[in-house]
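**Student:** could you look at this predicted model? Sequence included:
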Amino acid sequence: MSKPWRCKAKRRSFLSSALPGFVWMVLASIFLAPQSPAADNSDMNIKTPDPHSRVAQACARATNVRSRAVHDWSYKAVLPAILFLAALLVPQTAAAVSREAVPGDGGIVASRSRPASQVGAEILKRGGNAVDAAVATGFALAVTYPSAGNLGGGGFMVIRLADGTLTTNDHRERAPAGATRDMYLDEGGEVVAGLSTKTHLAVGVPGTVDGLIDVLERHGTMSLREVITPAIRLADRGFELDFDLARAFNRRQPDFAPHPASAALFSKPDGSPWQAGDVFRQRDLAATLKRIRRHGRDGFYAGKTAELIAEEMRRGNGLITLADLADYDSVWREPVRGSYREFEIVSMPPPSSGGVLLVAMLNMLESQDISGQGFASADAVHAMIEAERRAYADRAEYLGDPDFVDVPVARLTSKAYARERFADFDPTKASRSTDIGPGLRPPEESPDTTHASVIDSMGNAVSYTTTLNLSYGSKIVAAGTGVLLNNEMDDFSSKPDTPNFYGLIGRAANAIEPGKRMLSSMTPTIVLKDGEPFLVTGSPGGSTIITTTMQVIINVIDHGMDLSDAVGQPRFHHQWLPDRVIYERFGLSADTLAELARRGHENLIVMPFGRGIGDANSVMVSETGIVGMADPRNEGAAIAAPMR
């Protein structure tokens, strides 16, 4: 798809962006203008802008400033100061630019873990399709990124096949048969802190293994043995920890300490701290993976592994039984589909709230000139906050497991509903979350999930998000299995209008029921252009997942960014309640913050923890071919496969 010519200005403070650019314009004018009064760009790879375009006029104004400066100043007088400013300021600007996206027309895998991405790329190199690569990457993530990659959790996968087929696999965890609506409340009806996050009662019936095998059998081309063996090798032989994982293991020692199997797995035998370069081996996990390789689904949901998980549950007064494990099945569902500008959005349906909210927010914003307003401008941010506020209010009321409640997906994702929902939008004034309720009238995740995106050379694309919920889930390893168990039960509504870990509230639609899947924010998404894969994206981040995914899409479609900038630029987030805007440090300028406050936005808060909002490992089909980008906020990798 051809992109409009645009002046490559970045949104930065004046001192870190505008001034260095001005400095270089002055230098260029001093040294080049006398030699070439009428510069000829015919031999340069530069597209000439339409002289009547808004961008061209802005650049022309900048050129006029340059010309006046050159004619008014004596270069001999100002050259030392200019060179000093250039040397001082330009490196600061360059340091803020994301690394370049990775090209690879043989296909690309982008994930949070370099070893896992390498596994997926190797599958593509050996002739596998995007589904084979995604499944292999999923099993590898259980080994190489244990805080979120998993066998003991669940996830969602959105798939576009080369023949145009669109489908999704829901392998979200389920509540055990023994779960009850008020299981996390005390005698006074109040939520017991930590019961839904730090105990064996927090664990939902895992779905990852069933889902990955189901996806492979239906749409893959390789055998389970071929795609799972690399993960077994990584677990058995070990892999070198990078600085990020070593630091995480050390920081989590107090959380692992109460659980003997967890402490044994994540502690060094001599008790010393983990260091980058240490080899991390997981022999119990390797044995579990080998049982899955040998017996397929029954290698996890029956036999020795299932018995060990059930035994762990009994030991810790958890609820999951052998029957719960045997009864688990992933579900194939029709994707949520919408459109934004000339692009088609394909995303995950309930029990994920992600696809519904993503389409709903984009529908509301389609009436706004987001491109003309400019990236991170007060007008654009204001409109996006107000769309988020309304969509998250609907999430609390209407979204849940469609096998248990009637979710009005068609209405919530319709253009007509978006016009109705955004009719009270005031471009000059913020609304109050207390005044914004659900829009329909009757009857009318710590951010340690992980995401991988895959496109192959044949036109298959997979967007895959998986999680244990909080970082390292419940922190409980089922003894003898090497499997970390999730704490996804916290994603149910323990009590109406009571926030979960992420501050999200829920009501009856997401109440606890036996066998029910808890509501999720995971938003694996594929964007199509003329029916073909254009962008594969998604993110971890709990409640910020949906807004992260939306901002990557808007950055590409409205702001014309390449994948590197679309993924790397700063983000912000609003979720109705609590009524606050969280933004990445330096993500909003002082002027933008002041204008948002003037319009009535309150609680504008710098992201208080972590390295930023989201981790949007993405793949895109650009003008030059397939490119992949691991989010620069973390230590992931996009790995390309050679063209076959």
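**Tutor:** The structure has been received and is ready for your questions.
**Student:** tell me how many other residues surround Glu488.
**Tutor:** For Glu488, the tally of surrounding residues (other CB atoms under 10 Å) stands at 32. To be clear about C-beta, it is placed using only N, CA and C from the backbone, and glycine gets the same treatment.
**Student:** list the contacts of it.
**Tutor:** Residues near Glu488 by CB atoms under 8 Å, 6 or more residues apart in numbering: 153-154, 172-173, 202-204, 467-469, 473, 518.
**Student:** if we go to 10 Å?
**Tutor:** 152-154, 172-175, 196-197, 202-207, 445, 467-470, 473-474, 517-518, 520 (CB atoms under 10 Å, 6 or more residues apart in numbering).
**Student:** look up how far Leu470 lies from it.
**Tutor:** In this view, Glu488 and Leu470 are 9 Å apart by CB to CB, to the nearest Å.
**Student:** quick one: low-confidence parts of the stretch 51-200 of the chain?
**Tutor:** Scanning the stretch 51-200 of the chain for pLDDT under 70 picks out 51-97.
**Student:** mind doing that once more with 90?
**Tutor:** 51-99 (pLDDT under 90).
**Student:** can you map out the strands along it?
**Tutor:** 102-103, 107-111, 154-160, 166-171 (DSSP state E, counting those that start in this stretch).
**Student:** need the winner for burial among those strands.
**Tutor:** Most buried of the strands of the stretch 51-200 of the chain, by mean neighbour count (mean count of other CB atoms under 10 Å): strand 107-111, with a mean of 33.
**Student:** domain-wise, how is this structure divided?
**Tutor:** 14-95, 102-238+281-333+446-640 (automatic domain parsing).
**Student:** closest to Ser414 out of these?
**Tutor:** domain 102-238+281-333+446-640 (17.7 Å; CB to CB).
**Student:** next up, the contacts around Ala264.
**Tutor:** Taking CB under 10 Å, 6+ apart, we find Ala264 in contact with 256, 284, 477, 479.
**Student:** quick check, nearest of the residues you listed to Ala597?
**Tutor:** Distances from Ala597 to those, taken by CB to CB, are shortest for Phe256, at 42.5 Å.
**Student:** of the contacts of Ala264, which is the most crowded?
**Tutor:** Val477 (28 neighbours).
**Student:** so the residue positioned nearest the centre of the chain is in which element?
**Tutor:** In the chain, the centroid-proximal residue (CA atoms, centre = their mean) is Ser539; its distance is 0.7 Å. Assigned by DSSP states H and E, Ser539 belongs to no helix or strand.
**Student:** surely it touches Ala616?
**Tutor:** Yes: here Ser539 reaches Ala616: they are 4.3 Å apart, a contact under CB atoms under 10 Å.
**Student:** identify the contacts common to those two.
**Tutor:** Residues touching both Ser539 and Ala616 (CB under 10 Å, 6+ apart): 451, 545, 548-549, 551-552, 567, 571, 631.
**Student:** could I get those as CSV with pLDDT and secondary structure?
**Tutor:** Shown next, in CSV, are these (pLDDT from 0 to 100; DSSP: H, G, I helix; E, B strand; the rest coil):
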residue, pLDDT, secondary structure
His451, 97, strand
Ile545, 97, helix
Thr548, 98, helix
Thr549, 98, helix
Gln551, 98, helix
Val552, 98, helix
Val567, 98, helix
Arg571, 98, coil
Asp631, 97, coil
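**Student:** please indicate which of those are buried?
**Tutor:** 451, 545, 548-549, 551-552, 567, 571, 631 (16 or more other CB atoms under 10 Å).
**Student:** in TSV, list the residues you listed along with distance to Gly296.
**Tutor:** Putting these into TSV (distance: CB to CB, whole Å) gives the following:
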residue	distance to Gly296
His451	26
Ile545	31
Thr548	35
Thr549	32
Gln551	39
Val552	36
Val567	36
Arg571	40
Asp631	33
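**Student:** tell me, how many residues neighbour the nearest residue to Glu532 once chain neighbours are set aside?
**Tutor:** Distances taken as CB to CB, 6 or more residues apart in numbering put Gly459 closest to Glu532, at 6.8 Å, once the chain neighbours are dropped. By other CB under 10 Å, the residues close to Gly459 number 16.
**Student:** per-residue pLDDT, Gly459?
**Tutor:** You'll see Gly459 listed with a pLDDT of 97.
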